[in-house]
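**Q** Just a sequence and a predicted model for now, questions to come.
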Amino acid sequence: MNAPPIEPLAVGVNEAAKLISVSPRTLWEILKRGDGPPTVKIMRRIVFPVRELQDWLTRRAEVPK
């Protein structure tokens with residue numbers, strides 16, 4: 001019996017950038033401006049909780065006029 005695939009709870013910078021269709025460098029620039037998605041620091045690594053990343057992107061979506 002095959003177990004369903006486990007979805008990650010958090011992703012690193014490269015994967016987060018792919019998920020929101022920007023380069024890792026652009027994502028770092030957004031973070032430097034203080035306008036980026038929430039992050040969590042685990043030891044020396046910064047990760048992005050997937051749910052928070054999705055919520056952040058949804059909040060930034062432009063509403064057509």
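**A** That came through fine. From a predicted model like this one, the values you see are computed outputs, not experimental measurements.
**Q** Which residues are in contact with residue 45?
**A** Applying C-beta atoms under 8 Å, 6 or more residues apart in numbering to residue 45 gives the contacts residue 12. The way it works is simple: take the backbone N, C-alpha and C, and place the C-beta from them, glycine included.
**Q** Name the residues linked to it by a beta bridge.
**A** Here residue 45 sits in beta bridges with residue 42, as judged by DSSP bridges.
**Q** Same question for the one 4 residues further on.
**A** Residue 49 forms beta bridges with residue 10, as assigned by DSSP bridges.
**Q** Residue 26 reaches residue 16, doesn't it?
**A** No. Judged on C-beta atoms under 8 Å, residue 26 makes no contact with residue 16 at a distance of 11.0 Å.
**Q** who has more neighbours, those two?
**A** Shown here are residue 26 and residue 16; by other C-beta atoms under 10 Å, residue 16 has more neighbours (22 against 12).
**Q** What is the three-state secondary structure of residue 17?
**A** With DSSP: H, G, I helix; E, B strand; the rest coil as the basis, the three-state label of residue 17 is helix.
**Q** From what I see, it and residue 24 are in contact.
**A** Yes. Here residue 17 reaches residue 24: they are 4.5 Å apart, a contact under C-beta under 8 Å.
**Q** Which element, helix or strand, includes residue 55?
**A** Assigned by DSSP states H and E, residue 55 falls within helix 50-60.
**Q** Flag every buried residue along that helix.
**A** Residues of helix 50-60 classed as buried by neighbour count (16 or more other C-beta atoms under 10 Å): 50, 53, 56.
**Q** Check which helices and strands it sits against.
**A** strand 10-11, helix 13-19 (3 or more C-beta pairs under 8 Å, 6 or more residues apart in numbering; DSSP states H and E).
**Q** what's the average pLDDT for the longest one?
**A** Per-residue confidence for helix 13-19 averages out to 97 on the pLDDT scale.
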